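*Asks:* Below are the sequence and a predicted model for it; my questions follow.
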Amino acid sequence: MIRVLAIAALLVGMVPSAARAAEGGGGLINLDKSIAIQAINFLLLLLILGKLLYRPLLAKMEERTQAIRKSLDEAQAARAEAQRERAEHAAKLETAYAEAQAIRATALKEAAEEQRRLVESARAEAGRLVESARNEMAQEVTRARQELRREVVDLAITAAERLIRKSLREEDHRRIVQDAIGRVDKVN
Amino acid sequence: MRSHERTARRYAKALYDVAREAGATDAVGQEMEQVAAVCAGDAGAHDVLTRPWIKPADRRGVAVAIAQKIGARKLVQDFVGLVAERGRADHLPEIVGAYRTLVDAELGRTRAQVRTAVALTDGEKRQLSGKLEHALGKRVILEEQVDAALLGGFVAQVGSLIFDGSLDGQLARMRQRLARG
């Protein structure tokens, strides 16, 4: 409003200089009764414009200002909330990371322990297997040796029996019987 | 088989008791052995004595006739007649064996079954029985059986006692020794 009045005063101040220009011959404004009417018209126009345009404009401006301020406040709050949530998430993330680290460390420790245990167990089992295989092999060798010895002895004795049967004569039989009779004393 | 032997022992004991009363246990034993040998050697007589469908009286008659033929005394004739009549003629070898055991026990003697590769000479038999009598402390009767499967020497068995004087035994012992290493 103050600005409107200032503009009006400026226009009123310009009137004398306009009149002087008219007096000088053919200016923009003539200093007569019409100037008063123009002034009144102007004032009326000013009043109407002030009523119909300037006030709604101001109200609209105020409304926009409030809306912008509100939006700013909301944005501020949202930002603060986002920051809080981000901090919260960061904290959670930190906690989760720490937990994950702890779980990883525990898992690594357990895995190392399990690996050590498995390796020891496998080593012991391998030792047992080797020992068992060695014993089995030794038994097999002994068995095979005995079997071979038995077979060789069987062959040798069978061959000896054949030879003896072929070569025994009557006097040999008599001598064998005499020898055997001589050993009867040892029965007891 | 065990009931077979039990029956044979029962008959042998009965015969032994009667023979002892008659004071002829040894002679009865010898006659019984002869009868058993004839029955075992004569397939026809053996068939008649052991066939169940032949009348008991006929079996008895045949058995008595066999005993008479070898000159056995009345006791032996009656006994083999009874055994045949009752259908126990197939038990005769076991009866004779059981009877022999009883007589041997009475006379304090024992029997040695001797398996030999070649037949023993009389001198060898005397030497062997003498040695066995000396070792066992009782009179020994040798029952020799020539076994061609033996390589040489002999195997004598008296009850549960076995003396192995054969080459087969020596080879078997050598086989065991060598196999053991």
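*Replies:* Ah, there it is.
*Asks:* just to confirm, which helix or strand has residue 68 in it?
*Replies:* With no chain named, the answer covers chain A. helix A:55-167 (DSSP states H and E).
*Asks:* actually it's chain B I care about, not the one you picked
*Replies:* helix B:56-69.
*Asks:* quick one: residue A:51 and chain B, what's the gap?
*Replies:* Separation of residue A:51 from chain B (C-beta to the nearest C-beta, to the nearest Å): 140 Å. The way it works is simple: take the backbone N, C-alpha and C, and place the C-beta from them, glycine included.
*Asks:* That residue - how many residues pack around it?
*Replies:* 10 (other C-beta atoms under 10 Å in any protein chain shown).
*Asks:* packing partners for the helix holding residue A:68?
*Replies:* Secondary-structure packing of helix A:55-167 (3 or more C-beta pairs under 8 Å, 6 or more residues apart in numbering or on different chains; DSSP states H and E): helix B:167-180.
*Asks:* Please spell out which residues along the helix it packs on are buried.
*Replies:* For helix B:167-180, the neighbour count (16 or more other C-beta atoms under 10 Å in any protein chain shown) marks B:167-171, B:175, B:179 as buried.
*Asks:* Next, count neighbours for residue B:83.
*Replies:* For residue B:83, using other C-beta under 10 Å, the count is 23.
*Asks:* Give me the nearest residue to the residue nearest the centre of chain B, chain neighbours excluded.
*Replies:* What sits nearest the mean C-alpha location of chain B, by C-alpha atoms, centre = their mean, is residue B:97, with 4.5 Å. Nearest residue to residue B:97, sequence neighbours excluded (C-beta to C-beta, 6 or more residues apart in numbering or on different chains): residue B:8, at 7.3 Å.
*Asks:* just to revisit the earlier point, just the closest of the buried residues of helix B:167-180 to residue A:99, please.
*Replies:* Nearest to residue A:99 among the buried residues of helix B:167-180 is residue B:179, at 75.4 Å by C-beta to C-beta.
*Asks:* about what we covered before: pull the residues that contact the helix holding residue B:68.
*Replies:* B:31, B:35, B:38-39, B:45, B:48-49, B:76-78, B:80-87, B:89 (C-beta atoms under 8 Å, 6 or more residues apart in numbering or on different chains).
*Asks:* With only the CA atoms kept, save that helix in CSV.
*Replies:* Only the C-alpha atoms of helix B:56-69 are listed here, as CSV (Å, rounded to 0.1, in the frame of the first residue of the first chain):
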residue,chain,number,x,y,z
PRO,B,56,13.7,-170.1,13.6
ALA,B,57,13.7,-173.9,14.0
ASP,B,58,15.4,-174.3,10.6
ARG,B,59,18.0,-171.6,11.4
ARG,B,60,18.7,-173.3,14.7
GLY,B,61,19.1,-176.6,12.9
VAL,B,62,21.7,-175.1,10.5
ALA,B,63,23.6,-173.4,13.2
VAL,B,64,23.8,-176.6,15.4
ALA,B,65,24.8,-178.6,12.3
ILE,B,66,27.7,-176.1,11.7
ALA,B,67,28.8,-176.4,15.3
GLN,B,68,28.7,-180.1,15.2
LYS,B,69,30.6,-180.2,12.0
